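In: Quick one, structure for this:
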Amino acid sequence: MNNAIRSYFSDLTYITDRIIAMGYPSTRFESLFRNSISDVAKFLNKKHGNHYLVINLSDRTYDYSLFGNRVICSGYPDHHSPTLSMMWSLYSIIDFWLSLDKENVIAVHCLAGKGRTGTVIVCTLLMQGFFNNLKHLSIMSVINAAINYFHDKRGDGVENPDQIRFIYQFLESMDTMGSDMSLLSSLSLQPSVFISHLILYNLPVGEGGILTPRLCVYLKKQNTRSIVFNSVWNRTHVQHIASIQHAFVIPVARSALL
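Out: Residues are numbered from 1 along each chain as shown. From the prediction side, this is the model:
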């Protein structure tokens, strides 16, 4: 990050000359430890004029008029991945914007500008052909190269297994979506798996050394969730308070976040 950028704030990174990763543009007290929205707007307007597009991946909003209303809102929960349809919609917008003018840039953010931001930017880098010279390698080697590139530039990034798996699924979906990019995997996805046990270690000790933990497992689909396991349904005596194990069978399709 050059000194000109540091004079404004410290949480904005040029992943490439046209792709920016940054933290959430904040106001009031939050701007003390995140980017100030006024500083971000001042920098982007001065450096890129009307040639920037902001991608907001958080579930929060702010004054978009500071950015000329050039803000695309596509928020989803932290530590999660977007849906394939959401990622394809985002990439279509990004690709169109970047192709309109060689001066156009995108600025992507979530809250910290790491996991969600990294997921979308890594997918974009792969689709834009930044790693086509590695097509002779396995698909996971190419993905890891892109993730490491983002990490080296940003200092942190995509580490969540669910997000790494999503990048793989996104690339695999290119054939279905009609992409002409040849970076396709010859490997098929692993079949669905089942969670059979959860073991919790180093549990806190309650008053008098007695603790009976309760374990609930929820299945979340979009904005709704349903309980699929509750330890009180099959209450057993806990012999060793340092750990607790519950057995059940929960199907896991595609990916899961625990």
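
In: what stretches of the stretch 1-150 of the chain score poorly on pLDDT?
Out: Scanning the stretch 1-150 of the chain for pLDDT under 70 picks out 1-10, 28-34.

In: all strands for it, in order.
Out: 12-14, 19-22, 25-26, 35-36, 52-56, 71-73, 105-109 (DSSP state E, counting those that start in this stretch).

In: dump the residue contacts of residue 167.
Out: Neighbour list for residue 167: 119, 122, 123, 126, 143, 146, 147, 158 [criterion: CB atoms under 8 Å, 6 or more residues apart in numbering]. Backbone N, C-alpha and C define where each C-beta goes, glycine included.

In: ok, now residue 159?
Out: With contact taken as CB under 8 Å, 6+ apart, residue 159 is in contact with residue 115.

In: ok, 10 Å please
Out: 114, 115, 118, 147, 151 (CB atoms under 10 Å, 6 or more residues apart in numbering).

In: Repeat that for residue 81.
Out: Contacts of residue 81 (CB under 10 Å, 6+ apart): 87, 115-116, 119-120, 123, 158, 160, 162-167, 169-170, 254-255, 257.

In: Can I get the buried ones among those as something I can paste into PyMOL?
Out: Only the buried members of the contacts of residue 81 end up in this PyMOL selection, burial being decided by 16 or more other CB atoms under 10 Å:
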select buried, resi 87+115+116+119+120+123+158+160+162+163+164+165+166+167+169+170+255
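
In: Take the contacts of residue 81 and keep only those in helices.
Out: In this view, the contacts of residue 81 that belong to helices under DSSP state H are 87, 115-116, 119-120, 123, 162-167, 169-170.
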